[in-house]
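**Student:** I'd like to go over a predicted model; first the sequence, then the structure.
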Amino acid sequence: MSPPAPPPFLTALRPGAAVAFGAPAIAMGATFLAFGAAVREAGLGLGWALGASLLVYGMAGQLVLLAFAAPGVAAGGIAPAVLGATAANARFLPMAVALAPWLDGRPEGWRRWLALPFIAITPWAAAMRVLPALAPPARLPWFLGFALVSWGGAGLATVAGHLLAPLLDRGLLAALLFANPLYFALLLAAELRAVAPRRAILAGILAAPLALLLPPAWGLLATGVLGGTAAFLIGQMGARQRGRG
Amino acid sequence: MAEADLALLLTALAMLALRAAGLLVAGALRPDHPFILWASAVSQAVLAGFVALAIAVPGGLAATVPLPARLAGLAAGLLAFAALRGRLLPALGAGLAALLGVRAVLGG
């Protein structure tokens, strides 16, 4: 008897999409809603808000871009806006590096490029939790299912925030902005059980005060590189000692 | 093209370049390669730093929420997460409820 045919691609997207509809959708929806409202308050249009959410798709960079690009502030010029936003989202580079081997193990695999526009904190964090336990052929579809729902949800929430801005209470918007860091704090708490992530997370928190001494756009990346590298080196030294002993 | 639009376009291209560079470099490496381990540690440290700063010293509109309310939200979220054995959605709800509750008590 021949083996059963592989499920159609769309069916394979479902498990990841289902996970994205829960807490990730709420956390991202709240933050992107608040962003859409903030763009309108800054005097920029719906198209700009949607473009920033879908194409930049990283809240730290979006907020830096908005702060520099808003009319009246734009006297600072384009370069600080672009450089600041890029630095604030530079984590996409190490995140893509960490994620890539789980998307498609084959060096010649082109399919992992389908994930390109969706590499951001939320899909990355969810994928790093789930993908290692999945069978290799199920990994990329899981990621794409999750990513498409989060990305589409982020766009819809941005539009809603921009349209509803005049009706939304500023106190509520301020509270909504905390849904995102709180959600990430929970994801990190789940990672604390394993040694290597625990070390990196603690190092990141310990290094964070340094960010206050640096320009806002660069501070986060600089402390992450410092804390993450320290955690990595300590882990390598420990592994070497265990190897000798 | 308006300055804000040009800034958005250039930033969007820079984001694509960052993501593409990561995929390009890492696609051929195994998950346990030291470079991948380093990149994972840096990503986790950045995320941890982002959360720590967003709770302790937020900017803009978020800064109008008083610090005790922010800390109460974080503590309630983490406690609920531990008590409910890692269920994200109720833990998120508990955290936001605590934040709103403490802010209301403080009159913020």
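**Tutor:** Looks like it arrived, so ask away. Numbering: from 1, shown residues only, chains lettered A, B, ... in the order given.
**Student:** Give the closest residue to the closest residue to chain A within chain B in space, chain neighbours not counted.
**Tutor:** Residue nearest to chain A within chain B: B:Gly22 (2.3 Å; C-beta to the nearest C-beta). (Each C-beta comes from the backbone N, C-alpha and C, glycine too.) Spatially, and ignoring its direct neighbours in sequence, B:Gly22 is nearest to A:Ala96 (2.3 Å; C-beta to C-beta, 6 or more residues apart in numbering or on different chains).
**Student:** Okay, and that neighbour sits in which element?
**Tutor:** Following DSSP states H and E, one finds A:Ala96 within helix A:92-103.
**Student:** which residues touch that helix?
**Tutor:** Surrounding helix A:92-103, the residues in contact under the criterion C-beta atoms under 8 Å, 6 or more residues apart in numbering or on different chains are A:58, A:109, A:111-112, A:115, A:119-121, A:124, A:127-128, A:131-132, A:139-140, A:143, A:228, B:15, B:18-23, B:25-27, B:29-31, B:33, B:35-36, B:38-40, B:42-43, B:46.
**Student:** Could you do stretch A:182-195 as well?
**Tutor:** Residues from elsewhere that reach stretch A:182-195 (C-beta under 8 Å, 6+ apart): A:23-24, A:26-28, A:121-122, A:125-126, A:129, A:197-198, A:201, A:235, B:44, B:47-48, B:50-51, B:55, B:73-74, B:77-78, B:81-82, B:86, B:88, B:91-92, B:95-96, B:99.
**Student:** next one: stretch A:122-131
**Tutor:** Under C-beta under 8 Å, 6+ apart, the answer for stretch A:122-131 is A:16, A:19-20, A:24, A:27-28, A:95, A:98-99, A:102-103, A:139, A:142-143, A:146-147, A:150, A:183-184, A:187, A:190-191, B:40, B:43, B:47.
**Student:** From the residues you listed, keep the buried residues only.
**Tutor:** Burial of those was assessed by neighbour count (16 or more other C-beta atoms under 10 Å in any protein chain shown); the buried members are A:16, A:19-20, A:24, A:27-28, A:95, A:98-99, A:102-103, A:139, A:142-143, A:146-147, A:150, A:183-184, A:187, A:191, B:40, B:43, B:47.
**Student:** tally of neighbours for the closest residue to chain B within chain A?
**Tutor:** In chain A, the residue found nearest to chain B is A:Ala96; the distance is 2.3 Å by C-beta to the nearest C-beta. Burial of A:Ala96, expressed as a neighbour count using other C-beta atoms under 10 Å in any protein chain shown, amounts to 27.
**Student:** A:Ala79 too?
**Tutor:** Taking other C-beta under 10 Å as the criterion, the count of residues near A:Ala79 is 11.
**Student:** Break down the chain into its helices, ranges please.
**Tutor:** I went with chain A, as the question did not name one. With helices called from DSSP state H, chain A shows them at A:9-20, A:23-41, A:46-51, A:59-69, A:78-88, A:92-103, A:121-130, A:136-164, A:170-176, A:179-191, A:195-207, A:216-244.
**Student:** try again with chain B
**Tutor:** Counting by DSSP H, residue ranges of the helices within chain B are B:3-26, B:34-56, B:67-83, B:88-106.
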